[in-house]
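Enquirer: 3D model of this:
(chains A and B)
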Amino acid sequence: MKIIIIGAGQVGRTAAYQLAREEANEVTVIDVNDELLRDLQDRLDIRTVCGNGAHPSVLDAAGAASADILVALTNSDEVNMLACEVAYALYGTATKIARVRTTEYAAREKLFSDRGLAVDVWISPEQLVTEYIERLIEFPGALQVLDFADGRVRLVGVRALKGGFLIGQKLRALREHIPKTDARVAAMYRHGRSIKLEGDTLMEEGDEVFFLAARKDIRLVMSELRKLGDPVKRVVIAGGGNIGLRLARALERTTQVKLIERDARRARRVSEILTNTIVLHGDAADEELLVEENIDSADIFCALTNAEEANILSAMLAKRLGASKVMALINRPSYAELMESGPIDIAISPQTVTMGALLSHVRQGDVARVHSLRRGAAEAIEGIVHSGAAGGSRVVGQLIGDIRLPEGTTIGAVVRGEEVLMAHHDTLIQADDHLILFLTDKRQVEVVEKLFQMS
Amino acid sequence: MKSVSALRGTVLPISNVLAGIVVVFSVAMLVPAALAQFEDDSGQGAFGVSALGIFVAGCLWWLATRRFRRELKVRDGILLVTLAWVMVPALAALPLMLGIPGLSFTDAYFEAVSGLTTTGSTVLSGLDHLAASLNFWRHFLHWIGGMGIIVLAVAVLPLLGVGGMQLFRAETPGPMKDSKLTPRIAHTAKALWYVYAGITLACVISLKLAGMSWFDAVCHAFSTMALGGFSTHDASVGYFDSLRIELVLSTFEIIAAMSFATHFLAVRERSLAPYKRDTEAKTILKILAVSVLGLALFLTVKGTYPDYFTALRHAAFNIITIATTCGFATQDYASWPLFAPLWMLFLSCIIPSAGSTGGGIKMIRAVLLAKQTARELTGILHPNLMRPVKVAQTVVDNSVILAVLGFVFLYFMSVVVLTLVLIASGLDLTAALTATVASINNAGPGLGIVGPTSNYSVLNDFQTWVCAVAMLLGRLEVFTLIVIFTPAFWRK
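Expert: Residues are numbered from 1 along each chain as shown, chains lettered A, B, ... in the order given. Prediction:
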């Protein structure tokens, strides 16, 4: 697959890294900053072109004529959309994805309809991150909550803690303990390493467990793994940027939200937009301000400013001052890893969240949804099994137990129409099923894609 | 103790890749082995034993070092490329030593280095009677070395992935190495080899049509496309004494002296437009045309040849072959008035393009230097001048120009030092200077006792090694080789 990425910012770089890692992709990155490009080219096996990604000559040089996918990720919505238009008009590029942040554009669905702009998919990292945090707040205790099949099935990552029934038990005990609920453990990590899942694998305290369950069963299953926290009532948000503002707006009706913003003018602007939120002007790393605003009774503290170092520090401070749970927006994977095992409960990586949305559109075969997990090392995929005796996917009519999967890969669930079935080795795969797979090793993704490809 | 840890840190991780290259190279030996079998000549045992021995040793080595593998860093790339270029000639020398009785390791190594670096200076005489497989091997070395051992390795070994770019950069000639033809390095390497092989095939057929035997046509096509200079005859191309063959060879030498990236683009776009955009290609044609016409006139006036057309024929062939660093000969041009051969040697420093199979400073650097000089001169008249150096309407970064200046300095220092070393060892000035220049440019014959009518077997062992080093220096464009001998390279 020939892919052009415009914009070598945070998201663009991560996209280039993830895509170039897959053998079949040929990636070209366009940016106006040639130093960024040189650095990128040194580390990745890609081609780079310096220039404005919406200019035809630059697109020419990047090989747009034969490109399959164009992904425009610059920080200008206008450049992104125009690049898609130009690529479509000049080369008829098949798939065009643009990053669109402004709600001005994003709110008008007609703009992206068939008669509108030549943008097939628009993604807004801010929107995605906000939704992601919302889900985490909905399920206190979860490290990750990811939607499949339009939210009918969710993949939840939880750290097993004292008080959970399953601690010290074998995996198969889950089924015996809650026989009426169908759930399936898709992967387990102990000390950062994935462990092989068998019926008699013992679960230990501190294990990171990923399970699949229907939406309504999530709370029940989570309570098997740890003592369930109370529903979130008080949230403190640090940073009134795009994400902070969106999150506050989404939460303010059901929870008590406080938002701390450093810049006076921005704080004023935010307070004009929000209605029920208490907007505070001040520094989120200011101990006195936090104490005064009763940080010790906050259920969740979210540090969502642009500066990741500041996020880390203010989250650590809030934790020490008594916030029950702290989250921080952290871009660098290495920082995120350092922090998650230590003082910060959840490190939110905007790139990982965005990458899932992006990858779903780039993947071959029929892949409806992709979620990047564990900072891109693992992946959860929702694939569609297409029908047809000739040209259908080769897993149609096979028992799940008979499908040969690469190591570290599990089929977690099958979505058949409205029904959600947890995968068992005797489940028969039918045409048009959606399969949800968990890959502990992302390098296996090409093998898995083949399962869904038309033969 | 310190050196041991340095060894573990830098040498062990790359030795696995090195082993892979050795294995690939041993497979290449099967071609002459098959030929020896077919012709039933004296190379039979030599190639069989060498190929098998090297293959087995390479595989064992690969298995033994597998656990040390890691992603390559810039430093690893440089060391790996250098080690590969020092080691592979030693392997290539093995069948020569086994197949030619009485050939010393020094001479065999020289011959192999000369082959792989596409220099084309030889220490062997009686080439006309050499076993076909051994002769083929010499030319095959040219062909492999022409596009590059590493480029070959990157194309056929999937293991080089990301680090491949570091290697590519350490081996590929030219000042600007960041542009890729295709997004994936392995695809770029493959594309280059396809174009190279395609043009070589065209050359073989043209030579056959011009009157060579199939064997001679293949050998000379390898030699021409790699801009090497080995021939299957002691008298080089003079043996054929055929205008048609000379024309074919000259044409393909000029093609090979142009950048293969340009050839690739021309094939992909199916048009000649890429050549029009290629500053180097245009400059090469201009300089060669002026030199050929001018020197032919000079030789006629000096009375070397009776009429202008005879002079033109001989001047054209010999100038083009030396200037492009190929290094065939049809005439004893060393006996021409000294200006002519010295001009030819000078041209060999600058004519080949970056990204071609030729050696020397490369045309792009010469163009950049000329433009930089022009900028300095204009700057004297206009102290407030703003004028970036441009090539084909594209601004060239100042850092590139500084790198070119540094390169040229190092290049001339190498010439001076090596010439002095050769003089100290007892060679006369003409031979010492021209042997150094011809070796570092990978051109081939020098003047005087190492001129076109004689060969490098007159040198003693020490001088032979000096020339071999000069060839490697030239092929790896000085920087890659010299940086290894800086203390900073070995510091953690």
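
Enquirer: got the contact list for A:Glu26?
Expert: A:1-3, A:47, B:182-184, B:187 (C-beta atoms under 8 Å, 6 or more residues apart in numbering or on different chains). (C-beta placed from N, C-alpha, C; glycine too.)

Enquirer: Looking at chain B, which residue is nearest chain A?
Expert: Residue of chain B nearest chain A, by C-beta to the nearest C-beta: B:Pro183 (3.9 Å).

Enquirer: List the buried residues of the helix or strand harbouring B:Val113.
Expert: Element membership of B:Val113, judged by DSSP states H and E, is helix B:105-116. In terms of neighbour count (16 or more other C-beta atoms under 10 Å in any protein chain shown), helix B:105-116 has its buried residues at B:106-116.

Enquirer: Determine the set of other helices and strands touching that helix.
Expert: helix B:74-99, helix B:132-147, helix B:461-475 (3 or more C-beta pairs under 8 Å, 6 or more residues apart in numbering or on different chains; DSSP states H and E).

Enquirer: please redo it, this time with the cut-off set to 10 Å
Expert: The contact analysis (3 or more C-beta pairs under 10 Å, 6 or more residues apart in numbering or on different chains; DSSP states H and E) places helix B:105-116 against helix B:74-99, helix B:132-147, helix B:429-440, helix B:461-475.

Enquirer: quick check, distance from the strand or helix carrying B:Phe25 to the centre of its chain.
Expert: If you go by DSSP H and E, B:Phe25 is part of helix B:12-28. Between the centre of helix B:12-28 and the centre of its chain there are 21 Å (C-alpha atoms, centre = their mean, to the nearest Å).

Enquirer: Quick check: which helices or strands does the stretch of helix or strand B:Asp216 belongs to pack against?
Expert: In this structure, B:Asp216 sits in helix B:214-225 according to DSSP H and E. Helix B:214-225 sits against helix B:132-147, helix B:185-209, helix B:243-256, with contacts defined as 3+ C-beta pairs under 10 Å, 6+ apart.

Enquirer: Excluding chain neighbours, what is closest to A:Phe49?
Expert: You called it Phe, but residue A:49 is Val. A:Ala62 (4.4 Å; C-beta to C-beta, 6 or more residues apart in numbering or on different chains).

Enquirer: and the residue in the stretch 151-300 of chain A positioned nearest to chain B, what does it touch?
Expert: Of all residues in the stretch 151-300 of chain A, the one sitting closest to chain B is A:Arg193 (19.4 Å; C-beta to the nearest C-beta). Contacts for A:Arg193 (C-beta atoms under 10 Å, 6 or more residues apart in numbering or on different chains) come out as A:Thr440.

Enquirer: Phi and psi next, for it.
Expert: phi -110, psi 140 (degrees, to the nearest 10).

Enquirer: so it bridges to which residues?
Expert: Per DSSP bridges, the residues bridged to A:Arg193 are A:Arg190.

Enquirer: Give the burial count for residue 333, as a bare number.
Expert: Reading this off chain A. 18 (other C-beta atoms under 10 Å in any protein chain shown).

Enquirer: Switch to chain B, please.
Expert: 25.

Enquirer: does it really touch B:Gly451, like I thought?
Expert: Yes - between B:Tyr333 and B:Gly451 there is a contact under C-beta atoms under 10 Å: 8.1 Å.

Enquirer: overlap in contacts of those two?
Expert: B:341, B:445.

Enquirer: List the residue ranges of chain A that fall below the pLDDT cut-off.
Expert: A:364-365, A:388-392, A:453-455 (pLDDT under 70).

Enquirer: Drop anything exposed from the contacts of A:Glu26.
Expert: Buried, going by 16+ other C-beta under 10 Å: A:2-3, A:47, B:182-184, B:187, out of the contacts of A:Glu26.
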